[in-house]
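> Fold the following and give me the result.
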Amino acid sequence: MFVQKIDNCLPIKIWASVVEEGAMEQLHNCASLPFAFHHVVALPDVHKGYGISIGTVMATENVVVPNAVGVDIGCGMLAVKTSIHKSIDVELLKKIMGEIRKAVPVGFNHQAEMCDLSLMPKRIPGSDIPIVNQEFNSARKQLGTLGSGNHFAEIQHDEDGWVWIMIHSGSRNLGKKVCDHYNKVAKELNERWFSSVPKEWDLAFLPLDTVEGQSYMAEMQYCVDFALANRKLMMENICKIFKNETGCIFGEMINIAHNYAKMEHHFGKNVMVHRKGATSARLDEIGIIPGSQGTASYIVKGKGNPDSFMSCSHGAGRAMGRKDATRRLNLEDEIKRLDDQGIIHGIKTVDDLDEASGAYKNVEVVMEEQKDLVDMVAKLLPMAVIKG
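Next up, the predicted model:
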C-alpha cells in the first residue's frame, strides 16, 4: 500500500501497483469532496467506472452518493462446497451444465412466470420505496436469473479436489432503476442547492437527513436483499440439479456483496462507507474474491485492516474495456487457454472476448497486493463456467 496526497485533497491509500489515468482522476475527485472522510481507498482491482472507479471505498459524513454504489446494487458472490470430487465424469459435468442453462435464465432473459411472493424480500409497511413498489412485479420475474456482463455461474475445485459452485450476480434491473432514479434526484437537488461538487464528476449526493436520502437508503437496502435472494434461488436450483445427478451434499453458503453503502464506525466516527466493487473484510470475516474466466478464485478471511476501511477487492478487476478487449484479444488464443485447462466454457466468437481472461488483471498479482487485507482460506480452480 502507498499513499498519494495532493493539496486540498484527502489522502488516497492505494493497494494497486498500476492505476490507469481515468481511475486516478476519479479517485482525486472523491478525495476532493467536501463530505469525504479521512481518506479514500483504491484496491488492487481498481479501474475506471461511472462517477467513481470500480474497486474504491469512500466514507462520507452525513450524505450518501448513489453513483458511489452504482447500478447493480448488492451485486456479489455466493459459493458452496460440495461432497463431489473433481474426478467427476466429464460427460456428467457437461450434462449438469446443460441442465443449469435450462434452470437459470441468462443475459436479458427473465423467468416465464412471477416467482412466489414468499421468495421476495419483505417490504417494510409504510417504508418510502416508490421505485421498488413500481418495479416489484417485474422483479418477481427476475428473481433467480443470472444477468449479463461479468456475471457467472462456475463449477470449481479446491486444492484438495472438492468441487465448489460459485455464483456472481446482483439486483438485476431493479438496482439499475433505483440508482438511476436517485442519481437524477440528487443531480437536481445539488443544482438547486448550488453544490460545489462539479456536475461533470457524476458524484451528486443526498443528505441522510432528507426524505430523498432516507428513501434511497431504504430502496438500496431492498436491492441488497433482493440480490442475495436472487443468488440464493439460483444456487438452490443448481444444487437440486447436482443432487439429482450425483446425490451429493453441500456445505454452508458463503455470501459477500460488493456494491452498497452502509453506516459503520471508523476512526472514531460513524460514517457512510460506500463500497463500489469492494467487499467487507472485517477481522475473520469470510469472503470471496473471484478471478476471471479460466483463472483461480479465492475464499478469504478478512484481517480487519483499518486503512482499507476493513475492505478488500471484489475480484481481479478489468485490465481493458469491453470494446478494447474485442479489438485487441486473439480469439484462438483465448479459446486455447481455456481448452488446454480442460475448462468447459462459452467463448465462441469475437463478441465473447469482453469476458475473456485476457481482459482482466492477473488475480495472483491482485492477491499479492492485498495480503495485508485478507488471508487465503481456499484456492478454487475452474472446471466449467456459464457467463451472462
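> give the contact list for residue 45.
Residue 45 makes contact with 16, 54-55, 277, 313-317, 361, 366 under the criterion C-beta atoms under 8 Å, 6 or more residues apart in numbering. For the C-beta atoms, the positions are set from N, CA and C on the backbone; glycine is no exception.
> go on, residue 211?
Applying C-beta under 8 Å, 6+ apart, the residues contacting residue 211 are residue 128.
> distance of it from residue 203?
Per C-beta to C-beta, to the nearest Å, residue 211 is found 21 Å from residue 203.
> One more: residue 62?
Distance from residue 62 to residue 203, by C-beta to C-beta: 15 Å.
> Between the two, which has more neighbouring residues?
residue 203 (27 against 14; other C-beta atoms under 10 Å).
> Give me the pLDDT value at that one.
With respect to pLDDT, residue 203 has a value of 98.
> Same question for residue 283.
Taking residue 283 on its own, its pLDDT is 98.
> start at 729 instead
That works, and once the first residue is 729, the last one we named lands at residue 1011.
> Just to check, it is in contact with residue 1034?
No: judged on C-beta atoms under 8 Å, residue 1011 makes no contact with residue 1034 at a distance of 10.3 Å.
> And the strands in the stretch 929-1078 of the chain?
934-935, 982-985, 987-994, 997-1004, 1006-1008, 1014-1017, 1025-1030, 1039-1041 (DSSP state E, counting those that start in this stretch).
> on contacts alone, who are the packing partners of the second one?
If I follow you right, that is strand 982-985. Strand 982-985 is packed against strand 804-813, helix 939-974, strand 1006-1008, strand 1014-1017, with contacts defined by 3 or more C-beta pairs under 8 Å, 6 or more residues apart in numbering; DSSP states H and E.
> Repeat that for the fifth one.
Helices and strands in packing contact with strand 1006-1008 are listed as strand 782-788, strand 982-985, strand 1014-1017, strand 1039-1041; criterion 3+ C-beta pairs under 8 Å, 6+ apart.
> max-length strand in this structure?
If you go by DSSP state E, the chain has its longest strand at strand 1102-1115.
> Residue 992 and residue 1039 touch, don't they?
No: using C-beta under 8 Å, residue 992 is not in contact with residue 1039; the gap is 10.1 Å.
> neighbour count winner among those two?
Between residue 992 and residue 1039, counting by other C-beta under 10 Å, residue 1039 is the more crowded of the two (27 against 15).
> Adding mean pLDDT and distance to residue 847, write the strands of the stretch 929-1078 of the chain out as JSON lines.
As requested, the strands of the stretch 929-1078 of the chain are exported to JSON lines (pLDDT from 0 to 100; distance: least, C-beta to C-beta, whole Å):
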{"stretch": "strand 934-935", "mean pLDDT": "98", "distance to residue 847": "30"}
{"stretch": "strand 982-985", "mean pLDDT": "98", "distance to residue 847": "16"}
{"stretch": "strand 987-994", "mean pLDDT": "98", "distance to residue 847": "21"}
{"stretch": "strand 997-1004", "mean pLDDT": "98", "distance to residue 847": "26"}
{"stretch": "strand 1006-1008", "mean pLDDT": "98", "distance to residue 847": "25"}
{"stretch": "strand 1014-1017", "mean pLDDT": "98", "distance to residue 847": "23"}
{"stretch": "strand 1025-1030", "mean pLDDT": "98", "distance to residue 847": "27"}
{"stretch": "strand 1039-1041", "mean pLDDT": "98", "distance to residue 847": "30"}
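> To residue 832, which of these lies closest?
Between residue 832 and the strands of the stretch 929-1078 of the chain, the shortest gap by C-beta to C-beta is with strand 982-985, which sits at 17.2 Å.
> Just the C-alpha atoms of the closest one, please, in CSV.
Output in CSV follows, covering the C-alpha atoms of strand 982-985 (Å, rounded to 0.1, in the frame of the first residue of the first chain):
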residue,chain,number,x,y,z
ILE,A,982,-20.8,-18.2,1.7
ASN,A,983,-22.2,-14.8,0.6
ILE,A,984,-20.5,-11.4,0.2
ALA,A,985,-21.8,-8.3,-1.6
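> Pull up the pairing partners for that strand, direction included.
Paired neighbours of strand 982-985 in the sheet (DSSP bridges): strand 804-813 (antiparallel).
> quick one: the strands in the stretch 779-928 of the chain?
Listed in chain order, the strands of the stretch 779-928 of the chain (DSSP E, counting those that start in this stretch) span 782-788, 791-792, 804-813, 880-886, 890-897.
> Most tightly packed of those strands?
strand 782-788 (a mean of 27; mean count of other C-beta atoms under 10 Å).
> Parallel or antiparallel, list what pairs with that strand.
Sheet pairing for strand 782-788, assigned by DSSP bridges, gives strand 764-775 (antiparallel), strand 997-1004 (antiparallel).
> Take these and write them to CSV, including distance to residue 1081.
Converted to CSV, the strands paired with strand 782-788 look like this (distance: least, C-beta to C-beta, whole Å):
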stretch, distance to residue 1081
strand 764-775, 17
strand 997-1004, 25
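> Tell me which of these is the most buried.
Comparing the strands paired with strand 782-788 by mean neighbour count (mean count of other C-beta under 10 Å), strand 764-775 comes out on top with a mean of 26.
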